[in-house]
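# Need coordinates for the below:
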Amino acid sequence: MTITIEPVKPLIGARIHISRDRLCDDDVIETVRKVLEERHVIVFPGIGVSDEEQLAFTDRLGDRVNFTRRVPGSDASAQDVYKITLDKELNFEPDYVYGTFFWHIDGVTMDIPLPKLTVLSARTLAQSGGATEFANLFAAYDLLPVAERHEMEGLRVLHSLEASLRPVYGHPGQERLERWRTMTAPMDHPLIWNHADGRKSLLLGTHADTVIGMPSVHGRALLWRLQQWAAQPDFTYRHDWQPGDMVIWNNEGTMHRVHPYTDTRRSMHRTTIAGAERPGHPASADAIARALIPAD
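Take a look at the predicted model:
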């Protein structure tokens, strides 16, 4: 049977309509791999998978990884399934979910190979809000002026969980800060990621705190400008969820965010495919200290 691929926007996104019983077929898996290389985000409209079917699909694409076991909602319905919800019975610490309201890349604040692919399925939708946006960071790099690309080559960026949650709490208390700091250590990543296949992308998100070696105010100004550039309409796709939708995206080359919602019934199930590339490493104490210096 022919697999129909429907592009969503010129630079990002595709839809594939298939039945659940074909999801793990060899030709479907091969098509998914190829389409993700070019389109970065694939939607399977209304496919309505179970946890077992989603895990089987995940395993066909690579080794699964669960990097959020310490976060409430992990393994809530099945091993290696993270249930994203504001339901207080499952999630007594909503910091992590609120942080997803801002642009981010999964796993970037942890000392692990960056997760390659993320799979998310809609189980219960919010009455309002909850759409997910994706931004193509390969296109954002490729279409920068050449002079700017040269200026940014070799720059390193400090990424931290604290920076990603700063917009949530503004001025968090010391107890909350200490809890975040015990969960992950700040990471030192390249601003321009040279991938193993030779392609280049920006590596951005709200977790990108400042540019190492720059006064923090200059580094943050550069990062916020680039984030705005990468989030422009030509590079982004907004997915308005419908019941049963499943979306898979290239976590190594896109950033994403969810539109804010308050509905505690909203429930999304996430599984993750491990990556092999480790673009960064734990940041040095000096880099962390310099992030606190506003200007030289």
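# Report the residue spans of this protein with pLDDT below the cut-off.
1, 68-77, 180, 292, 295-296 (pLDDT under 70).
# tell me, what residue is most central in it?
The residue lying closest to the centre of the chain (Cα atoms, centre = their mean) is Ile105, at 2.9 Å.
# Give me the contact list for stretch 168-175.
Residues outside stretch 168-175 that contact it (Cβ atoms under 8 Å, 6 or more residues apart in numbering): Asp95, Tyr98, Gly99, Phe101, Leu165, Arg166, Arg176, Trp180. For glycine as for every other residue, the C-beta is placed from the backbone atoms N, C-alpha and C.
# Run through the helices of the stretch 51-200 of the chain in chain order.
In the stretch 51-200 of the chain, the segments counted as helices under DSSP state H, counting those that start in this stretch are 51-61, 95-99, 137-142, 146-152, 161-169, 174-183.
# Check the offset of stretch 7-17 from the chain's centre.
18 Å (Cα atoms, centre = their mean, to the nearest Å).
# go on, stretch 244-260?
That offset, for stretch 244-260, works out to 6 Å (Cα atoms, centre = their mean).
# Endpoints of it, how far apart?
20 Å (Cα to Cα, to the nearest Å).
# Could you give me the buried positions within it?
Under the neighbour-count criterion of 16 or more other Cβ atoms under 10 Å, stretch 244-260 has 244-258 buried.
# ok now do Ala287, which residues does it touch?
Neighbouring residues of Ala287 by Cβ under 8 Å, 6+ apart: Arg156, Leu158, Pro186, Asp188, Ile212.
# Which members of those residues are the farthest-apart pair?
The span of those, defined through Cβ to Cβ, is set by Arg156 and Pro186 at 11.6 Å.
# ok so, going back, winner for burial among the helices of the stretch 51-200 of the chain?
helix 137-142 (a mean of 22; mean count of other Cβ atoms under 10 Å).
# what helices or strands is it leaning on?
strand 200-202, helix 216-230 (3 or more Cβ pairs under 8 Å, 6 or more residues apart in numbering; DSSP states H and E).
# nearest to Lys88, of these?
The minimum distance between Lys88 and the helices and strands packed on helix 137-142 falls on helix 216-230, with 31.3 Å, by Cβ to Cβ.
# how far out from the middle of the chain is that closest one?
18 Å.
# Based on its surroundings, how many neighbours for Met268?
Neighbour count for Met268, taken as other Cβ atoms under 10 Å: 24.
# typo on my end, Lys116
22.
# what do you get for Asp27?
12.
# From Lys34, how far out is it?
11 Å (Cβ to Cβ, to the nearest Å).
# Distance of His171 relative to Gly107?
In terms of Cβ to Cβ, His171 sits 27 Å off from Gly107.
# who's more crowded, these two?
Using other Cβ under 10 Å, the more surrounded residue of His171 and Gly107 is Gly107, with 23 against 6.
# hang on, the earlier thing: when Arg156 and Pro186 are compared, which one has more neighbours?
Pro186 (23 against 17).
# which ones are touching that one?
Counting by Cβ under 8 Å, 6+ apart, Pro186 has contacts Thr109, Leu158, His159, Ser160, Glu162, Asp209, Pro282, Ala283, Ala287, Ile288, Ala291.
# can you rerun that using 10 Å?
109, 111, 158-163, 207, 209, 280, 282-285, 287-288, 291 (Cβ atoms under 10 Å, 6 or more residues apart in numbering).
# Sweet, I'm off.
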